[in-house]
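>>> Sequence first, predicted model second:
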Amino acid sequence: MAEKEETIVDVDVETDEEKEAKAAQDALQKKLGKTKVKKGDWVFVDIMGKTIEEEEKRNIVFQASNPEDAKLLPNYDPKKAEQYVPELAILGEKGFLTDNIDEAIVADGKLKFFQEKVIKLEPADAFGIREGKKIEKVNARQFIKDMDGEKPYPGATYRDKKGRSGTVLRANQGRLIVDFNHPLAGKKVEYTIKVTDKIEGFENQVKTLLVRRLGGMQSMKDEFILTMDKKTQTLEIEIPQMLMFQLAQQQGGIYFKMGTSMDIQEHFKDIEVVKFTEVFKRTPSPVPQEHDHDHDHDHDHDEEKEKVQDAEIVEDTPSEE
């Protein structure tokens, strides 16, 4: 009689952390779901951008702000899944979302939190029209010099002294053909957007700006300690000790500190001074571990003590002659 083959079915088990995240998201959606977003709101926006090709299967996803959509990216890296997070925006202000997306969110004042909206853009309104004059010849030696010794090959990215970025189309006989058009120039694009959270309160907003400069390290957000002196209009920020060592490797984190200071002073007009402090706390001393064999040690000690006492008795007893 033939043996039955066992079928193994993989079952996705939801972790406690995933359950908590889902519960928090459901609570947030219940709280904000009926609220309309408006100009001036501090929000997080979920965005997925893709090209619109004649054949849908040839569409290219070029932007994703959540781990699920990120799997559609051509260069998706599962090891960096935590980096795909919603975009911070202060609606109506420059420096966050592209103008087209920002305008689409607040355009008619009817969009609600968690309501999905799709916007389609022509090439001129997206990444521009492809221009023949932006396809240039470049000497291979110049490429190697500008790229610190890197050798050219088709598909390589080239940045020239003017700060332009281009893609090498051909590389032969010391001559390169470089396309300085944006890689998505000439493409129609589609964005699917959804406002997923509202950031309220001074401390929460400041900490969100801090995390933004750290590349979205949300786990670090609550580790910053803020102290605001309204009299002197000074904001003091204590940097988390676990972050200090990382910043030390980046020239003391000077770019992080300068950039964050500029962000804070731009969006909070009553802050004149931003002060960063670094506090080194004493590392707790390790607690001595108790031995599991105290009884055995005491027993051995008693035996040694008895031997010493026996030796003393022998020495005090007069010898028989």
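Yep, that arrived. Residues are numbered from 1 along each chain as shown.
>>> for Arg159, what are its contacts?
Neighbour list for Arg159: Asp146, Met147, Ser165, Gly166 [criterion: Cβ atoms under 8 Å, 6 or more residues apart in numbering]. In this view, the C-beta of every residue, glycine as well, is placed from N, C-alpha and C.
>>> Can I have the buried ones of those residues as a PyMOL selection?
For anyone working in PyMOL, the buried entries among the contacts of Arg159, judged by 16 or more other Cβ atoms under 10 Å, can be selected with:
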select buried, resi 166
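>>> what's the closest of the contacts of Arg159 to Glu54?
Within these, the smallest distance to Glu54 is 26.0 Å, found for Gly166 (Cβ to Cβ).
>>> sec struct for the closest one, please.
Put simply, Gly166 is strand when judged by DSSP: H, G, I helix; E, B strand; the rest coil.
>>> same deal with Gly92?
Taken by three-state DSSP, the conformation at Gly92 corresponds to coil.
>>> And the nearest residue to it once chain neighbours are set aside, how far from Arg170?
Excluding the flanking residues, the one nearest Gly92 by Cβ to Cβ, 6 or more residues apart in numbering is Lys39, at 4.0 Å. In this structure, Lys39 lies at 48 Å from Arg170, with Cβ to Cβ, to the nearest Å as the measure.
>>> do Gly163 as well
Taking Cβ to Cβ as the measure, Gly163 and Arg170 are separated by 23 Å.
>>> what's near enough to touch Lys31?
Taking Cβ under 8 Å, 6+ apart as the contact definition, Lys31 lies against nothing.
>>> Just the element for it, please.
Assigned by DSSP states H and E, Lys31 belongs to helix 16-32.
>>> mind listing what's buried in that helix?
Burial within helix 16-32, assessed by neighbour count using 16+ other Cβ under 10 Å, is assigned to Leu32.
>>> Give me the neighbour count for Phe113.
Residues contacting Phe113 under the criterion other Cβ atoms under 10 Å number 20.
>>> Give me the nearest residue to it, chain neighbours excluded.
Once its chain neighbours are removed from consideration, Phe113 has its nearest residue in Leu32; the separation is 3.9 Å (Cβ to Cβ, 6+ apart).
>>> Strands along the stretch 101-250 of the chain, start to end?
Counting by DSSP state E, counting those that start in this stretch, the stretch 101-250 of the chain forms strands over residues 117-121, 135-139, 157-159, 165-172, 175-179, 189-198, 225-229, 234-239, given from the N-terminal end onward.
>>> looking at these, which is closest to Ile101?
strand 189-198 (6.0 Å).
>>> Buried by neighbour count: which residues of that closest one qualify?
Of the residues in strand 189-198, those buried by neighbour count under the rule 16+ other Cβ under 10 Å are Val189, Tyr191, Ile193, Lys194, Val195, Thr196, Asp197.
>>> Partner strands of that strand, with direction?
strand 42-51 (antiparallel), strand 117-121 (antiparallel) (DSSP bridges).
>>> So which of those has the densest surroundings on average?
Counting by mean count of other Cβ atoms under 10 Å, strand 42-51 has the highest mean neighbour count of the strands paired with strand 189-198, with a mean of 20.
>>> Which elements pack onto the helix or strand that it is followed by?
Scanning forward in sequence from strand 42-51 by DSSP H and E, the next helix or strand is strand 61-64. With contacts defined as 3 or more Cβ pairs under 8 Å, 6 or more residues apart in numbering; DSSP states H and E, the packing partners of strand 61-64 are strand 42-51.
>>> Taking their axis directions, the strand it packs on and helix 16-32 sit at what angle?
For strand 42-51 and helix 16-32, the angle between their directions (axes from the mean of the first three to the mean of the last three Cα atoms, to 10 degrees) works out to 110 degrees.
>>> Only alpha carbons, please: show strand 42-51 as CSV.
C-alpha atoms of strand 42-51 as CSV (Å, rounded to 0.1, in the frame of the first residue of the first chain):
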residue,chain,number,x,y,z
TRP,A,42,1.5,68.4,9.5
VAL,A,43,0.9,65.0,8.0
PHE,A,44,2.4,61.8,6.8
VAL,A,45,1.6,60.8,3.2
ASP,A,46,1.7,57.4,1.7
ILE,A,47,2.8,57.7,-1.9
MET,A,48,3.3,55.2,-4.8
GLY,A,49,4.6,56.5,-8.1
LYS,A,50,4.7,54.6,-11.3
THR,A,51,5.1,55.2,-15.1
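>>> which residues are in contact with that strand?
If you take Cβ under 8 Å, 6+ apart as the criterion, strand 42-51 is touched by 37, 59-66, 69, 72, 85-91, 97, 101, 105, 113, 184, 187-200, 205, 208.
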